[in-house]
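**Q** One predicted model, sequence on top.
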Amino acid sequence: MQSVQPALNGRGSRGHERQPFYGAANQTYNWTSNTYPVDDYSHNSRNMEEALSFQMAQQMSFSSPAIDAFRGGSGVYDGHGSRYDAHGQAVQGEPSKASRSQRSSNVGPHFEQGHYGRIPYPSLQSSENMGSGIQHRIVPHPIVYHQERNQGPIYNGNISGGVKNFNISNDNVLQYMKDYAATGAMHDSDERFPPPRCHAGTRGAVLYRVLDWYGYHKRPGKPIMWIYAPAGYGKTAVAGTVSEKLEAKAAELGFSLIGATFFFWRTSEERNSPARFIITLTYQLFVSIPELVPYIERAVKGDPMIFSKALEVQLMKLIIGPFKALGDTSHMPNRLIIVDGLDECINSDQESRVQKWYAEDQERVQARVLDLIHTLASQSLPLSFLILSRPEPWIKQHIESPKFEDLVEPIDLYEVGDNMEDVEKFVREELTRIGVDDEDLAEELVDRAGGHMLYASTVIRHIDDPNYDPRTRLKNLLHGSSSSNHDLTHSTPFSSLHELYRQILRSCHEGNSRTMVEVLGELLVSDRYGLNFSSNISLDEAVRILDGLSQRETCSGMRAIRGLHSMLNTSYSGDWFIHSSFPEFLRNPDLSMEFAVDGQEKVIQRFLSGCLDCLSTIMLGSTEALDELHVQYALFNWPWVWHYWIPTDFGPTVKADWSEMSRKLLTVDLRACFVRAFSLPDDDKRPFNVNYPPYLGIPDSSNIIFRDGAEAIYDSEPLVQQAVLHVAHSLTAAICHILKTAHLGSGRWSETFVGAVVYYLRDRVGEAENWPDDWRCDTVVQSLKTLRRESNVDFVRFKEGVYEKCKHWPGKYCDYINMVFDYTCIDS
């Protein structure tokens, strides 16, 4: 029978010698410097009163020869005055003087109980008597995202099945945990190889912030750091680079700085659920913090079904309990637990979870993971937590709640450092490597990336193909449209980016998918035309307006896109989408598939129809308040929406649509609508434009609701002609009504009304061919004359408002206005 021969380094022990496995007797370890090099940043955290030399005296052992080889035999002390036999049971009685002397001699001057030393990772050869073995790594199953020999399937968030023998021997505890852990979620797993890393020389600022916050010798003021950023901004690369740097530092110190890691991933059946989260952390803490080993083993052996119990129970028994059993842990090095991709934890259950396209309870389960971390962080344990995720609203809301307030330090990756500079450095170095020496193309790619590292790296992979000329491929990519770019549609590198977008969209509730696509299409049109949204409008306000115009249930639009905040700006700054590749993806049905949005003409027609529906409820004598945002929007902006309704052709279908809209417009009391709009007080806080467009009072095909090329419709469709006359005459009647209305005698004219009069005078009166004869027939000019006769003070104030409105116009238009007002002062 072959025996196990552990291969340990010079600081370990061999065979069954009764030496501490953390280091040879009388050997010392010196901490000389705690400096993390981070490109152009560095952090020197040396804050020790003296150089420390210490020896780990804690010894643990159980009956297995394989485990004994690690721990130097059976029945030894745990470093806290307790002694255990070969079965892990406490042994009564005082230790021998020699044992006390040996333990005391190994205690360093700073860490009184001496718990720290190098943790060996032995390479074990196979053994026939090892059962399932305790190898650290086994050959992975060839199926992607499937953990080999896993005996713990997930059902509704818990683990069940595969428990055949509850008599767990001491040497099988590690393997027993491994069978239930998501080993692919660890930072150095084969499933994630090669792991994402920050490009050399980039992300220096955020890496410095992380390493400056974390300290293994002194715990940070807030034990949790939350790094958030939209999709594709390198969060996982930051997590991987932090892991890499801490592992390098650990090699110098002789013990692990990383307590555990968990990288969630929505398409991995073992990494998209929290069911294995606590078990996986426990497995890694078992390896990285040897002091916990006897207590974790005792917990597992005492309750072999622990892995099928609630996560909160697992947390208490497998992690918090063992830490509390150690007593005072204030002298222990602080370990970092990294949790990446929290938003990828979607709790998709049942055996079809990889194919499942949405997760209706992802918000609940992600909040549950945060609560588990909160529980750990609240125990004053030697642990810190680095969480990385997209800024989903429910995650942000949970972390900003009062109970997290004193525990979390948030970091916006989008704002920390210079994303544009990092991307530019990456792009220029990669283009040089590939052999594309074109400054214009480099600058254009940097601008197109807009600080989006995933997009930049995807482009580089796309053009770095030996079968194509990279410069030509880059030019085609930058200068071609997404809908016609064959290279882009069939690009393997870009397929990963597009699949990322599809995964994010599929994570939304299936019942909301149709509404979600509708809202995205509306936001795309809003991006292109503005739709007269102001710069201070929030995403919530805009979607509420869109809900009202599209006759959706209130707040249904925001519910539908709730899971897309990592792709959308929360306030309007010229576009709603964080990166241009997402709108391009949505517009191309070959890429977005079931998420392809409607064409812009169809969306605008839906807007216009909704606006006219709102206007149809407004009557001149009504005193009903117009409080709803979408009604106010329709009142002020329906002419602009009609103006944006640009047909690509003027075939029979388009003519029919215009006739239908004209018929609908003719049923609206536009005079009442204009009067209500003119009578509303000015409000700078309205999140949309409140000025009517020019040429609205012209009663022919030059009216603003037409665009160049639409004359054919006007000439051939009588309903369209009637609609234009209806608009022009209604505007004229509304202006006259306001000028003659006594309750506005204070002279407090709204900006909307003054603007409408200015455009009317410029467009209709100022360009009259037979003035002043034509002016005598113009009802607006005659109403101004009446205002001057009845209230000259109001007339003067109104004239001053008009002059202020048009003072920056070309001279000839100001001359027109002057002539009109001069005429109104002539009594006739």
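**A** Looks like it came in fine.
**Q** Point out the other elements, helices or strands, that the one helix or strand residue 602 maps to touches.
**A** When elements are assigned from DSSP states H and E, residue 602 belongs to helix 600-615. Using 3 or more C-beta pairs under 8 Å, 6 or more residues apart in numbering; DSSP states H and E as the contact criterion, the elements in contact with helix 600-615 are helix 513-529, helix 539-549, helix 629-644, helix 652-666. In short, each C-beta sits where N, CA and C put it, glycine included.
**Q** again, only this time at 6 Å
**A** Counting contacts by 3 or more C-beta pairs under 6 Å, 6 or more residues apart in numbering; DSSP states H and E, helix 600-615 is packed against helix 513-529, helix 629-644.
**Q** Highest mean neighbour count out of these?
**A** Highest mean neighbour count among the helices and strands packed on helix 600-615 (mean count of other C-beta atoms under 10 Å): helix 629-644, with a mean of 23.
**Q** name the helices or strands packed onto it?
**A** The helices and strands touching helix 629-644, judged by 3+ C-beta pairs under 6 Å, 6+ apart, are helix 539-549, helix 600-615.
**Q** Out of those, which one sits most buried?
**A** Using mean count of other C-beta under 10 Å, the stretch among the helices and strands packed on helix 629-644 with the greatest mean number of neighbours is helix 539-549 (a mean of 23).
**Q** quick one, which of the helices and strands packed on helix 629-644 is nearest to residue 567?
**A** With C-beta to C-beta as the criterion, residue 567 lies closest to helix 539-549 of the helices and strands packed on helix 629-644, at 11.2 Å.
**Q** Let me see the ranges of the helices in the stretch 101-250 of the chain.
**A** In the stretch 101-250 of the chain, helices defined by DSSP state H, counting those that start in this stretch lie at 173-180, 204-213, 235-253, listed in chain order.
**Q** Distance to residue 457 and mean neighbour count for those helices - can I get that in CSV?
**A** Putting those into CSV (distance: least, C-beta to C-beta, whole Å; neighbours: other C-beta atoms under 10 Å) gives the following:
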stretch, distance to residue 457, mean neighbour count
helix 173-180, 33, 22
helix 204-213, 17, 21
helix 235-253, 9, 20
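**Q** closest to residue 321 out of those helices?
**A** Between residue 321 and the helices of the stretch 101-250 of the chain, the shortest gap by C-beta to C-beta is with helix 173-180, which sits at 15.1 Å.
**Q** Can I get that closest one as PDB, trimmed to CA atoms?
**A** Output in PDB follows, covering the C-alpha atoms of helix 173-180 (Å, rounded to 0.1, in the frame of the first residue of the first chain):
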ATOM      1  CA  VAL A 173     -13.400  17.300   5.900                       C
ATOM      2  CA  LEU A 174     -11.500  19.400   3.300                       C
ATOM      3  CA  GLN A 175     -12.600  17.200   0.500                       C
ATOM      4  CA  TYR A 176     -16.200  17.100   1.800                       C
ATOM      5  CA  MET A 177     -16.300  20.900   1.700                       C
ATOM      6  CA  LYS A 178     -14.700  20.900  -1.700                       C
ATOM      7  CA  ASP A 179     -17.400  18.700  -3.100                       C
ATOM      8  CA  TYR A 180     -20.000  21.400  -2.200                       C
END
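**Q** wait, what's in contact with residue 202?
**A** Shown here is residue 202, whose contacts under the criterion C-beta atoms under 6 Å, 6 or more residues apart in numbering are 422, 425.
**Q** How much space separates it from residue 241?
**A** Counting by C-beta to C-beta, to the nearest Å, the separation of residue 202 from residue 241 is 9 Å.
**Q** Residue 580 too?
**A** In this structure, residue 580 and residue 241 are 27 Å apart, going by C-beta to C-beta.
**Q** quick one: contacts for residue 756?
**A** Each residue near residue 756 by C-beta under 6 Å, 6+ apart is listed here: residue 692.
**Q** I'd like the next helix or strand past the longest helix along the chain.
**A** In the chain, taking DSSP state H as the definition, the longest helix is helix 718-740. Heading C-terminal from helix 718-740, the first helix or strand you meet, by DSSP H and E, is helix 751-760.
**Q** What mean pLDDT does that following helix get?
**A** The pLDDT scores in helix 751-760 average 90.
**Q** same question, stretch 634-649
**A** Stretch 634-649 comes out at a mean pLDDT of 83.
**Q** Give me the contacts around it.
**A** The list of residues contacting stretch 634-649 from outside it, by C-beta under 6 Å, 6+ apart, reads 529, 532, 604, 607-608, 611, 614-615, 654, 677, 690, 693, 696, 704-705, 707.
**Q** can you give me how far that stretch is from the chain middle?
**A** Using C-alpha atoms, centre = their mean, to the nearest Å, the mean C-alpha position of stretch 634-649 is found 33 Å from that of the whole chain.
**Q** What strand or helix carries residue 336?
**A** Assignment of secondary structure by DSSP H and E places residue 336 within strand 335-340.
**Q** hmm, I was thinking of residue 365
**A** Under the assignment given by DSSP H and E, the secondary-structure element containing residue 365 is helix 362-377.
**Q** Just name whatever secondary elements that helix is in contact with.
**A** Counting contacts by 3+ C-beta pairs under 6 Å, 6+ apart, helix 362-377 is packed against helix 393-399.
**Q** Can you name the element that comes right after the helix it packs on?
**A** helix 402-405.
**Q** For the helix or strand following that following helix, name the packing helices and strands.
**A** Scanning forward in sequence from helix 402-405 by DSSP H and E, the next helix or strand is strand 408-412. For strand 408-412, the packing partners by 3+ C-beta pairs under 6 Å, 6+ apart come out as strand 224-228.
**Q** And the strand it packs on, what does it pack against?
**A** With contacts taken as 3+ C-beta pairs under 6 Å, 6+ apart, strand 224-228 sits against strand 383-389, strand 408-412.
**Q** I'd like the ones you listed as a markdown table, with mean pLDDT, mean neighbour count and distance to residue 764 appended.
**A** Rendered in a markdown table, the data for the helices and strands packed on strand 224-228 read as follows (pLDDT from 0 to 100; neighbours: other C-beta atoms under 10 Å; distance: least, C-beta to C-beta, whole Å):
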| stretch | mean pLDDT | mean neighbour count | distance to residue 764 |
| --- | --- | --- | --- |
| strand 383-389 | 97 | 24 | 58 |
| strand 408-412 | 95 | 17 | 52 |
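**Q** With distance to residue 434 as added columns, please give those strands in TSV.
**A** Formatted as TSV, the entries for the helices and strands packed on strand 224-228 read as follows, by distance: least, C-beta to C-beta, whole Å:
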stretch	distance to residue 434
strand 383-389	30
strand 408-412	32
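**Q** Please consider this matter closed, and thank you.
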